[in-house]
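>>> Below is the structure, and that's it, no one-letter string:
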């Protein structure tokens, strides 16, 4: 790994893709991503601006230890100097670098080390809202470091049973164990009764410089290499040695002699485990990354491509999976064991997400089946299937949500609702398919019927002069047309996509309301992380994460809102609030609260409502929609820990895992709750993909390519035939000038040369 020379300390976020390497000679700290791209350098002048009493001089003083929070939201840097400050406070300090705001500040003052002539070999670790700092003479100082604390308060000081200098600190996050080393051994204590600490010595040894707990390092099967890694000795020119204890040995009550794992080629000063299954080492020159040849798991980039393909397989596997008429898409798959049979109806929602996945598959991988599969779906939902089984729609063209694929009507036992949010998804899918395959006559015609068969859009957005309230959107349409206002909600929720469509296809009477919907500053918020409010439909109430993640994938104006209080800020605030919750609670996986299956059914989880503390990996991956990699690394870490689940259709992917019930696997997974994750990864696989394929403008011209004279072509002869014998071309059950207009629109778009002037 590229890094500073004379690397004194390294740190990696436990479950996401943030890395740091410190150089105490040049007094710099470099921050990098998983691909080793340099993201930020914190230099000597920046440190001294906050620590003016220090005289950092190019020796071994300066940044000597670092610790990321598990999510990578905050980096703590221990800076030591033997100059006595004039204010009576400690000569050393912990700096706090806040990634979201790109700010550096003083977190705490203390005395940690007072010998500028040697490498300190100190250590820090952050766990469950506390920062543990190893010192040369005062044991372990523990500071409160929860999400909203910009400055630390001393919680307690812990003395080791033997040894004077704390050289290594690390935690087993899953067992809530703290490991500490000194110049005479290694100890373990549970943190379950903090601040009560009861140390058990697990290893003896001198010159232990650092510790690292690696929970998914090395081989995925066979002899496990999960355990505690120790960095030993090696004063220049003698090389250092990495030794290790198995997880069982590290958790035991007996004193164990660590075995040698690797002899390094030079003197080393620190080590840590990384979220991508490596060990990062502070070598005498550059920082280096160590991996094990027995680790046969997919690498990060290979995993991203495979995970995306698994999403495509999941979606494709729900297109008429059990002999349904071609083109219907079943809303969810099952695990095939605890729930052997699929039981969900077909939905426009699932059809839309399948189209999005297949479009992206064609874009990334030239999928040879994508166009025909999409044509099958769009013609089915666009009333163009040869068997004439059509999805039932209200008089306004609002699609039924739960559809019986055998007849297109409602599925018995399910809500017979006509759903605006289902309609918005299939309309979005039709628009993207028409744009991506501009010369596919079947997609053009059926897509037009989906889009332009929906009418009276503006009536589903509340008119305050009639209803007395502003901007509520109805979830349901009445069979005879019009909105069912018994089921409605004010902004903000994912219905913003329907509102965007109202702005394109509705009357100008709705324009002001559409503008208000897209003005994020108007709507209620709830706050978990100070300064990071999250917009929702009611003040103080958090929405499920997916509500804010449809927009970055599907809505051009949402995605492009870069204003200070805009929608991209909304996604950023969800990102960092989820990170903050993860840091304070130390779950097994990076946790984003979103919708999906749990032990009792289905839950739209949020920061304020989180039964089982489930992380929804697909929403975690969707946070990558703007090109950020750390959350994808967090998902990759979950893959490395075995969190994938295999479904009846054969797809194996990350879905949901509970922190309170880690052995539970959901028995079903809805396609709308899954596919957004694959689309988020697509943006990392090929940057610009979302803007190219999904976040696009809607078509404003209806297309009706119809071969009226049955000669195998759609050309001017068909228009002549229509003029001679007018027919209903656009499927609105009437013969009007709109029929000729939509056929002309198709011919005009596909003519080789503009001929209107002749």
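Perfect, I can see it now. The shown structure was predicted, so the numbers you read here are calculated from the model rather than taken from an experiment.

>>> those strands in the stretch 251-400 of the chain, which residues are they?
259-263, 268-273, 279-283, 287-290, 332-334 (DSSP state E, counting those that start in this stretch).

>>> Same list (those) but as a markdown table, adding mean pLDDT.
Shown next, in a markdown table, are the strands of the stretch 251-400 of the chain (pLDDT from 0 to 100):
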| stretch | mean pLDDT |
| --- | --- |
| strand 259-263 | 94 |
| strand 268-273 | 95 |
| strand 279-283 | 95 |
| strand 287-290 | 94 |
| strand 332-334 | 98 |
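
>>> Tell me which of these lies nearest to residue 583.
strand 268-273 (16.5 Å; Cβ to Cβ). C-betas here are computed from N, CA, C, even on glycine.

>>> now that closest one: how far from the chain's centre is it?
29 Å (Cα atoms, centre = their mean, to the nearest Å).

>>> Mind putting the strands of the stretch 251-400 of the chain into CSV with mean neighbour count and distance to residue 480?
CSV is the format used below for these (neighbours: other Cβ atoms under 10 Å; distance: least, Cβ to Cβ, whole Å):
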stretch, mean neighbour count, distance to residue 480
strand 259-263, 13, 73
strand 268-273, 27, 63
strand 279-283, 27, 65
strand 287-290, 21, 65
strand 332-334, 24, 30
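
>>> And those: which comes nearest residue 341?
Residue 341 sits nearest to strand 332-334 of all these, at 6.7 Å, using Cβ to Cβ.

>>> Just give me how far the helix or strand where residue 551 lies sits from the chain centre.
Using DSSP states H and E, the element containing residue 551 is helix 550-554. Helix 550-554 sits 13 Å away from the centroid of its parent chain (Cα atoms, centre = their mean).

>>> continuing past it, what's the next helix or strand?
Moving toward the C-terminus from helix 550-554, the next helix or strand (DSSP H and E) is helix 556-559.

>>> Can you lay out the strands of the stretch 251-400 of the chain as JSON lines showing distance to residue 609?
JSON lines is the format used below for those (distance: least, Cβ to Cβ, whole Å):
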{"stretch": "strand 259-263", "distance to residue 609": "45"}
{"stretch": "strand 268-273", "distance to residue 609": "33"}
{"stretch": "strand 279-283", "distance to residue 609": "37"}
{"stretch": "strand 287-290", "distance to residue 609": "40"}
{"stretch": "strand 332-334", "distance to residue 609": "21"}
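
>>> contacting residues for residue 106?
The neighbours of residue 106, taking Cβ atoms under 8 Å, 6 or more residues apart in numbering as the test, are 50, 51, 93, 94, 95, 96, 151.

>>> if I pick the second one, what's in contact with it?
If you count contacts by Cβ under 8 Å, 6+ apart, residue 51 has them with 79, 81, 93, 95, 106.

>>> Just confirm the fourth one is within a strand.
Yes. Following the definition DSSP: H, G, I helix; E, B strand; the rest coil, residue 95 is counted among the residues of a strand.

>>> Tell me what it is bridged to.
Using DSSP bridges, the beta-bridge partners of residue 95 come out as residue 77, residue 106.

>>> quick one: it from residue 22, how far?
Distance from residue 95 to residue 22, counting by Cβ to Cβ, to the nearest Å: 11 Å.

>>> I figured residue 715 hits residue 747, correct?
Yes. Using Cβ atoms under 8 Å, residue 715 makes contact with residue 747 at a distance of 6.9 Å.

>>> between these two, which one's more packed in?
residue 747 (18 against 14; other Cβ atoms under 10 Å).

>>> Just confirm that one is within a helix.
Yes. Checked against three-state DSSP, residue 747 lies within a helix.

>>> Give the full set of residues in contact with residue 623.
Listed by Cβ under 8 Å, 6+ apart, the contact set of residue 623 reads 549, 571, 574, 575, 578, 592, 631, 680.

>>> which of these sit farthest apart?
Most distant of the contacts of residue 623, by Cβ to Cβ, are 578 and 680, 13.8 Å apart.

>>> quick one on the thing from earlier: buried ones in the helix holding residue 551, by neighbour count?
550, 551, 552, 553, 554 (16 or more other Cβ atoms under 10 Å).

>>> quick one: which of these is nearest residue 314?
residue 553 (16.4 Å).

>>> Which parts of the stretch 501-650 of the chain are strands?
Using DSSP E, counting those that start in this stretch, strands in the stretch 501-650 of the chain cover 525-526, 534-535, 595-598, 601-604, 614-616, 645-646.

>>> Indicate which one of the ones you listed is closest to residue 369.
Here strand 645-646 is closest among these (Cβ to Cβ), at 21.7 Å.

>>> what's the spacing between the closest one and its chain's center?
On Cα atoms, centre = their mean, the centre of strand 645-646 falls 19 Å from that of its chain.

>>> Parallel or antiparallel, list what pairs with that strand.
Partners of strand 645-646 in its sheet, by DSSP bridges: strand 652-653 (antiparallel).

>>> From residue 634, how far out is the residue nearest the centre of the chain?
Of all residues in the chain, the one closest to the mean position by Cα atoms, centre = their mean is residue 620, 2.3 Å from it. Between residue 620 and residue 634 the computed distance is 6 Å (Cβ to Cβ).

>>> Common neighbours of the two, please.
Counting by Cβ under 8 Å, 6+ apart, the residues touching both residue 620 and residue 634 are residue 590.

>>> quick one: least confident helix or strand in the protein?
helix 464-467 (a mean of 53; mean pLDDT, DSSP states H and E).

>>> Just the closest of the buried residues of helix 550-554 to residue 155, please.
Taking the buried residues of helix 550-554 together and measuring to residue 155 by Cβ to Cβ, the closest member is residue 552, at 38.7 Å.

>>> my guess is that closest one meets residue 619, correct?
No. Between residue 552 and residue 619 there is no contact, the gap being 11.2 Å when judged by Cβ under 8 Å.

>>> mind listing what residue 86 touches?
So, once contact is read as Cβ under 8 Å, 6+ apart, residue 86 ends up touching residue 53.

>>> can you rerun that using 10 Å?
Applying Cβ atoms under 10 Å, 6 or more residues apart in numbering, we find residue 86 in contact with 52, 53.

>>> So for residue 119, what's the nearest residue that isn't a sequence neighbour?
residue 60 (5.1 Å; Cβ to Cβ, 6 or more residues apart in numbering).

>>> Just the pLDDT at the residue of the chain most remote from its centre, thanks.
Most distant from the centre of the chain: residue 724, at 56.6 Å, with distances by Cα atoms, centre = their mean. Residue 724 is assigned a predicted lDDT (pLDDT) of 94.

>>> and it, what does it touch?
Counted by Cβ under 10 Å, 6+ apart, residue 724 has contacts residue 708.

>>> Residue 59 versus that one, what's the distance?
For residue 724 relative to residue 59 (Cβ to Cβ), the value is 94 Å.

>>> okay, now the domains of this protein?
7-290, 300-693, 701-758 (automatic domain parsing).

>>> hey, least reliable of those by pLDDT?
domain 701-758 (a mean of 86).

>>> related to what we said a few turns ago, quick one, which of the contacts of residue 51 are buried?
Among those, those classed as buried by 16+ other Cβ under 10 Å are 79, 81, 93, 95, 106.

>>> mind putting those in TSV, distance to residue 684 included?
Formatted as TSV, these follow (distance: Cβ to Cβ, whole Å):
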residue	distance to residue 684
79	34
81	41
93	37
95	30
106	35
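
>>> Tell me which two of those residues sit farthest apart.
Across the buried ones among the contacts of residue 51, the longest distance by Cβ to Cβ is 13.4 Å; it joins 81 and 106.
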